[in-house]
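[1] Please work out how this folds:
(2 chains)
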Amino acid sequence: MYDIRPLEEEWKRYRKKKMRPWYLGSIVFVALLFLILFFSSNTKMSFNAISDYFNSLKSSVSSKEVKSENAQHTKSNIVVNGPLMRIEVDKQVLDESESVESEGIENTPANILVDIPILDGKQDERSNGLGKERKKIHLDIIKTTNLTAYKDVENRFKLSRDVDDSLFLARSYYKKGNYKKSEYWALQTNKVDPNIEESMLIFVKSKMKLGRKNEAKNILTAYLKKSNSHEAKKLLYSIENGKF
Amino acid sequence: MKSRYEAAKNVFVDSVDIEDYIDLDSSVAAYKQLEYSLDKPLKMILIFGKPGTGKSILLNRIQEKLKHQKEIHYFDTPAVNEKEFFHKLFKVLTQKDLPSNSEVNFSALVEFCQNLRGKREIIILLDEAQMYGPEMMEKIRLISDSRAVKFVVSLHKTDDEDVIAKEHFQSRIWEVIELKNATKEDQTAYIHKKLLKKNLFEIANSIKAKDMKLIHRFTNGNYRECNKLLFTIFEICEYYDKNEPSKINYTHIHHKIIEMSALKLGYINV
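    Below you'll find the predicted structure:
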């Protein structure tokens, strides 16, 4: 066997030729996958909403987060739930004039639906423990509440562990009447930050809705032992008196 | 130092050697059919199949097995001309050499055969019968009509040879045995048995099922092509074993080597 080198060379050429369809197939597959992913992510967007959003950039302004060095400061917390195109603003205003001068400013769309508070008139203890006046603004850009959007938020929470995401899910699912999920997400919120009363209340309310009254009462009673929450007391009263 | 692949290579040297005969399901069936047909009062039996399907080795085997029981003669290569063929036939029938400067009288030969009827039963195995011309085949038919001489005619299966078979034997051949290419399982058994017969266990084990599939794909189950491919595979293995041992895996025959062999034999091309 003296022709082994030319034979090896020939085999290499054969191999290349043989593998060519596989390489091409792989490239086509990757390209298709990319296109599918690209279009599937695009379908979640409302193009009207985007154009509206850009049109309104000049006119609408919203505070994102303001951290002032002053003792009297304004704290804004903006949660943008990307896939849902939903903006939530927890705004605690001590001095309205100061908030206008706040550092973090973000433009918001014009077609927003303002003031859809979840816990109207309730104190947000996590934002400020001083018991100051609080105003919560819930802003919706578009009404996208499809399942994939929720999934996206769930996935994002898994990565970021952001309580705003989990609390949003807990609230949304509770509103929708999906109490199992609202219970789960309230629990997740509580795991990350046990000081958020709202998550505790949603948790208890979800349990009640699921018919686990005793469990709900026990949790609420335990919670009341370490906190003096008015809301919690109100809820316990309504549960005990069968008004819930 | 002698390479282990050298012996393996020599196992697949293509030859019609009765010692190399391997019993496979298909070949055993063909053998039994032929043996059974020879016992029947047939004048002619046709064995046909593509080249390399084992026709010659089947004829050899039947001759080897029956030579002590029957008067059986194997004509391996076709005679160059009619004269030579009848010389051979004369010698078989009369068990005498033809005197020099004399020729066989065909009519006398036919008459001689007719006289043998009931006394002797002679079987002539004619290999590569596609080489005989139509005129010659007609004469063979006339001799077979004597019923004292039985012909087993082996033909390559091509369109032309089918015509010969139709024209000259259709009414006289009472038994047709077709040999086909081996199935993957038969070919696997064939390769393993051939190697194991020479105690090459390790090499037999180094050819895995996937390799067998590839070999079958390249050779279409043809025994001759299989021998050629295996010979080339072990030739390459032998080269690597002697010169570049790092390129060889002793527990498994690499697909690269099988493909290189196929390239060398022209089964595939770039």
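
[2] Only C-alpha atoms from now on, for both contacts and neighbour counts.
    Fine.

[3] Which pLDDT value does the model give the spatially closest residue to residue A:174 that is not a sequence neighbour?
    Leaving aside its chain neighbours, residue A:174 sits nearest to residue A:182 (5.0 Å; criterion: C-alpha to C-alpha, 6 or more residues apart in numbering or on different chains). As predicted, residue A:182 sits at a pLDDT of 93.

[4] Quick check: the gap between residue A:182 and residue B:194.
    Residue A:182 is 72 Å from residue B:194, where distance means C-alpha to C-alpha, to the nearest Å.

[5] what does residue A:177 give?
    From residue A:177 across to residue B:194, the span is 75 Å (C-alpha to C-alpha).

[6] And for residue B:264?
    23 Å.

[7] Now do the SS call for the residue nearest to residue A:174.
    Following DSSP: H, G, I helix; E, B strand; the rest coil, residue A:182 is assigned to helix.

[8] same check, this time on residue B:80
    coil.

[9] tell me the pLDDT at it?
    73.

[10] quick one, phi/psi of it?
    The phi/psi pair for residue B:80 (degrees, to the nearest 10) reads phi -60, psi -40.

[11] Apart from its chain neighbours, what residue comes closest to residue A:17?
    residue B:270 (7.0 Å).

[12] so how many other residues sit close to the one you found?
    Counted with other C-alpha atoms under 10 Å in any protein chain shown, the neighbours of residue B:270 add up to 13.

[13] What pLDDT is listed against it?
    81.

[14] Residue B:162 now?
    57.

[15] now residue A:98
    Here, the pLDDT recorded for residue A:98 equals 43.

[16] Equivalent analysis for residue A:105, please.
    For residue A:105, the pLDDT comes out at 40.

[17] quick one: average pLDDT of the helix ranked longest in chain A?
    Identified as the longest helix of chain A according to DSSP state H is helix A:4-42. Across helix A:4-42, the average pLDDT comes to 91.

[18] Against which helices or strands is it packed?
    Where contact means 3 or more C-alpha pairs under 8 Å, 6 or more residues apart in numbering or on different chains; DSSP states H and E, helix A:4-42 is packed against helix B:255-265.

[19] could you check the angle helix A:4-42 makes with the helix it packs on?
    120 degrees (axes from the mean of the first three to the mean of the last three C-alpha atoms, to 10 degrees).

[20] Helix B:255-265: which residues count as buried?
    B:257-264 (16 or more other C-alpha atoms under 10 Å in any protein chain shown).

[21] From these, pick the one nearest chain A.
    The nearest member of the buried residues of helix B:255-265 to chain A, counting by C-alpha to the nearest C-alpha, is residue B:260 at 5.7 Å.

[22] Now for the closest one: which residues touch it?
    By C-alpha atoms under 8 Å, 6 or more residues apart in numbering or on different chains, the residues touching residue B:260 are A:7-8, A:10-11, B:233.

[23] Just the closest residue of the stretch 151-270 of chain B to chain A, please.
    Closest point on the stretch 151-270 of chain B to chain A, by C-alpha to the nearest C-alpha, is residue B:270, at 4.7 Å.

[24] so after the helix or strand of chain B with the lowest mean pLDDT, what's the next helix or strand?
    Ranked by mean pLDDT, DSSP states H and E, the weakest helix or strand in chain B is helix B:159-164, scoring a mean of 56. Sequence order places strand B:173-179 as the next helix or strand after helix B:159-164, per DSSP states H and E.

[25] For the very next helix or strand once past that following strand, which outside residues touch it?
    On the C-terminal side of strand B:173-179, the closest following helix or strand by DSSP H and E is helix B:184-197. Outside helix B:184-197, the residues within contact range by C-alpha under 8 Å, 6+ apart are B:8, B:11, B:20, B:22, B:24-26, B:201, B:203-204, B:212-213, B:216, B:221, B:223.

[26] Which of these are buried, as a PyMOL select command?
    Filtering these down to the buried ones (16+ other C-alpha under 10 Å) takes a single PyMOL command:
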select buried, chain B and resi 8+11+22+24+203+204+212+213+216+221+223
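
[27] Just the ones of the contacts of helix B:184-197 in helices?
    Among these, the members falling in helices (DSSP H) are B:8, B:11, B:25-26, B:201, B:203-204, B:212-213, B:216, B:223.

[28] on that earlier part again, tell me if I'm right that the residue nearest to residue A:174 and residue A:166 touch.
    No - under the criterion of C-alpha atoms under 8 Å, residue A:182 is not in contact with residue A:166, lying 9.3 Å apart.

[29] about what we covered before: residues touching the residue nearest to residue A:17, list them.
    The contact partners of residue B:270, by C-alpha under 8 Å, 6+ apart, come to A:10-11, A:13-14, A:17.

[30] mind running it again at 10 Å?
    Each residue near residue B:270 by C-alpha atoms under 10 Å, 6 or more residues apart in numbering or on different chains is listed here: A:10-18, B:263.

[31] Can you pull the domain assignment for chain B?
    B:4-15+B:182-265, B:25-179 (automatic domain parsing).

[32] Could you tell me the least trusted of those?
    In terms of mean pLDDT, the lowest-scoring of these is domain B:25-179 (a mean of 83).

[33] Now the terminal residues of that one, how far apart.
    Termini of domain B:25-179 sit 12 Å apart (C-alpha to C-alpha).

[34] same check, this time on stretch B:16-30
    Terminal residues of stretch B:16-30 lie 17 Å apart, using C-alpha to C-alpha.

[35] Give me the contacts around it.
    B:11-12, B:14, B:31, B:33-36, B:47, B:53-64, B:177-183, B:185-187, B:189-191, B:193-194, B:197.

[36] Whatever residue of chain A ends up closest to chain B: what's it in contact with?
    Among the residues of chain A, residue A:14 lies nearest to chain B; the distance is 4.7 Å by C-alpha to the nearest C-alpha. Applying C-alpha under 10 Å, 6+ apart to residue A:14 gives the contacts A:8, A:20, B:259-260, B:263, B:268-270.

[37] got the residues you listed as TSV, with distance to residue A:188 columns?
    TSV is the format used below for those (distance: C-alpha to C-alpha, whole Å):
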residue	distance to residue A:188
A:8	61
A:20	50
B:259	59
B:260	61
B:263	64
B:268	62
B:269	63
B:270	61
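
[38] got the domain boundaries for chain A?
    If you go by automatic domain parsing, chain A breaks into A:14-43, A:47-143, A:145-244.

[39] which stretch in these is the model least sure about?
    Averaging pLDDT over each of the domains of chain A singles out domain A:47-143 as the lowest, with a mean of 47.

[40] May I ask which helix or strand encompasses residue B:84?
    Going by DSSP H and E, residue B:84 is part of helix B:82-94.

[41] in that helix, what's buried?
    Using 16+ other C-alpha under 10 Å as the test for burial, helix B:82-94 gives B:82, B:85-90, B:92-93.

[42] Excluding chain neighbours, what is closest to residue A:186?
    Of all residues not flanking residue A:186 in the chain, residue A:199 sits nearest, at 4.7 Å (C-alpha to C-alpha, 6+ apart).

[43] Is that neighbour within a helix or a strand, and which one?
    Assigned by DSSP H and E, residue A:199 belongs to helix A:197-209.

[44] Residue A:148 too?
    Per DSSP H and E: helix A:147-160 holds residue A:148.

[45] quick one on the thing from earlier: may I ask which of the contacts of residue B:270 has the most neighbours?
    Neighbour tally across the contacts of residue B:270 (other C-alpha under 10 Å): the maximum, 23 neighbours, falls on residue A:11.

[46] Do I have it right that that residue meets residue A:19?
    No - using C-alpha atoms under 10 Å, residue A:11 is not in contact with residue A:19, being 11.9 Å away.
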